[in-house]
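Novice: Show me the folded form of this:
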Amino acid sequence: MEGIIQLRKTSRNKTIKQVFILGIFISEVVKVVEPAYENRHLTIETEIEDTVLTVNRELLVTALVNLMDNARKASEEGQQVEVTGKFVDNMACNIPKDKTDIGEAESADDRKCTRAYEICIIDHGIGMTKEQAERICDEFYMADKSRARKEGGAGIGMSLVAIILEHHNAVLSVESEPGCGTTMTILLPW
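Specialist: Have a look, this model is predicted:
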């Protein structure tokens, strides 16, 4: 919790960023979560359009591991989780005003976003209602309290993800439907 408070106090401009090759970066994240996936007989499929991004490696690893761990927790044994990465142009770069894609989005012209890199983590698990998706980044909120307790969740992971993405001027959008899974999409300005 102290780390979240410190991160909130840190200015976006003070977040140290370095250049990384995204394909290698994603492979490293997959290696971190793979043992937990193997324990549940889950597979990870990646389709990454490689590029070089300037990010805070430690923070973005934390965010992606958290999102992939949530996808694992929501998935049934034997299912697949997909991680995709690709460029999107200004027409697809509608970045919402808040941290989740709920409500009206600003136009690409309003944000002067000409291009972004989109990372999606897609599971085919239990999914969420619209109300749950709207609250997913609230501190201490757990969409499924019984599953979260069983898996050791505390309800702060997604709020941490939102703060990390804010430090990268990135946005998280959530698409989900109960019983059909969830797609978490990160838009990183490029």
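Novice: Just the helices from the protein, written as ranges.
Specialist: Ranges of helices in the chain, per DSSP state H, are 2-9, 22-39, 57-74, 108-111, 130-135, 145-151, 157-167.
Novice: who wins for proximity to C120 among those helices?
Specialist: helix 57-74 (9.7 Å; Cβ to Cβ). The C-beta positions use only the backbone N, C-alpha and C, and glycine is treated the same way.
Novice: follow-up on the earlier one: to G179, which of the helices of the chain lies closest?
Specialist: helix 57-74 (11.0 Å).
Novice: Would you mind giving the helices of the chain as a markdown table with distance to G85, mean neighbour count and mean pLDDT added?
Specialist: Formatted as a markdown table, those follow (distance: least, Cβ to Cβ, whole Å; neighbours: other Cβ atoms under 10 Å; pLDDT from 0 to 100):
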| stretch | distance to G85 | mean neighbour count | mean pLDDT |
| --- | --- | --- | --- |
| helix 2-9 | 24 | 11 | 48 |
| helix 22-39 | 6 | 15 | 94 |
| helix 57-74 | 10 | 21 | 94 |
| helix 108-111 | 20 | 15 | 46 |
| helix 130-135 | 22 | 15 | 86 |
| helix 145-151 | 26 | 12 | 53 |
| helix 157-167 | 15 | 21 | 91 |
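Novice: Spatially nearest residue to S27 (excluding sequence neighbours)?
Specialist: T46 (7.7 Å; Cβ to Cβ, 6 or more residues apart in numbering).
Novice: How about T51?
Specialist: Using Cβ to Cβ, 6+ apart, the nearest residue to T51 is L22, at 5.2 Å.
Novice: Same question for G179.
Specialist: G179's closest residue in space is G127 (Cβ to Cβ, 6+ apart), at 5.5 Å.
Novice: My guess is that neighbour contacts S176. True?
Specialist: Yes - G127 lies in contact with S176 (Cβ atoms under 8 Å); the separation is 4.8 Å.
Novice: Between the two, which contacts overlap?
Specialist: Common contact partners of G127 and S176 (Cβ atoms under 8 Å, 6 or more residues apart in numbering): T182.
Novice: quick revisit: show the model's pLDDT score for the residue nearest to G179.
Specialist: For G127, the pLDDT comes out at 94.
Novice: Can you give me the distance of it to I156?
Specialist: 22 Å (Cβ to Cβ, to the nearest Å).
Novice: go on, T43?
Specialist: 28 Å.
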